[in-house]
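>>> Sequence plus the predicted model coming up.
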Amino acid sequence: QVQLVESGGGLVQAGGSLRLSCAASGRTVSRYAMGWIRQAPGKEREFVAAIDWSGGRTYYADSVKGRFTISRENAKNTVYLQMNSLKPEDTAVYYCAADGIEFGLGHGRSDGYAYWGQGTQVTVSS
């Protein structure tokens, strides 16, 4: 089993930045695909970003391209999401997710992951 714990959420003004972290435990995730998915109030879960085990391949939702960057430190079993130029529409609960299947197009979907964290709230004020 893989346990994922997100941190770094909070309240920020539009145009500001936040860095989310996701710490994995229970099993090393160095070979796992990792992703970030978000859910805004009253909306379905939305894929945000994904990264392969090496960090060499990434996917991003069109809505965050150029503003968000996903990265990982396998030695620390940790994945990050750097969020810049935040907008009020980025307000959501952000979930970290992991999957042991080889990295592919499925990891560009919100339902492409086997393990999930509890989420961290990000609120962007206008």
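The structure has been received and is ready for your questions.
>>> Next, residue 106: phi, psi?
Reported as degrees, to the nearest 10, the phi and psi values for residue 106 are phi -60, psi -20.
>>> Excluding chain neighbours, give the residue nearest to it in space.
Using C-beta to C-beta, 6 or more residues apart in numbering and skipping residues adjacent in sequence, the residue nearest residue 106 is residue 112, 4.0 Å away. Bear in mind the C-beta positions are built from the backbone N, C-alpha and C, glycine included.
>>> Any idea how many residues pack against the one you found?
Residue 112 has 19 neighbouring residues, counting by other C-beta atoms under 10 Å.
>>> Dig out what the most centrally placed residue in the chain forms beta bridges with.
The residue lying closest to the centre of the chain (C-alpha atoms, centre = their mean) is residue 36, at 2.0 Å. Taking DSSP bridges as the rule, residue 36 bridges to residue 49, residue 96.
>>> need the contact list for it.
Going by C-beta atoms under 8 Å, 6 or more residues apart in numbering, residue 36 touches 20, 22, 48-50, 70, 79, 81, 94-97.
>>> CSV for these, including neighbour count and distance to residue 125?
Putting these into CSV (neighbours: other C-beta atoms under 10 Å; distance: C-beta to C-beta, whole Å) gives the following:
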residue, neighbour count, distance to residue 125
20, 23, 18
22, 27, 24
48, 25, 20
49, 25, 23
50, 28, 28
70, 22, 24
79, 29, 26
81, 27, 19
94, 23, 16
95, 23, 22
96, 28, 24
97, 27, 27
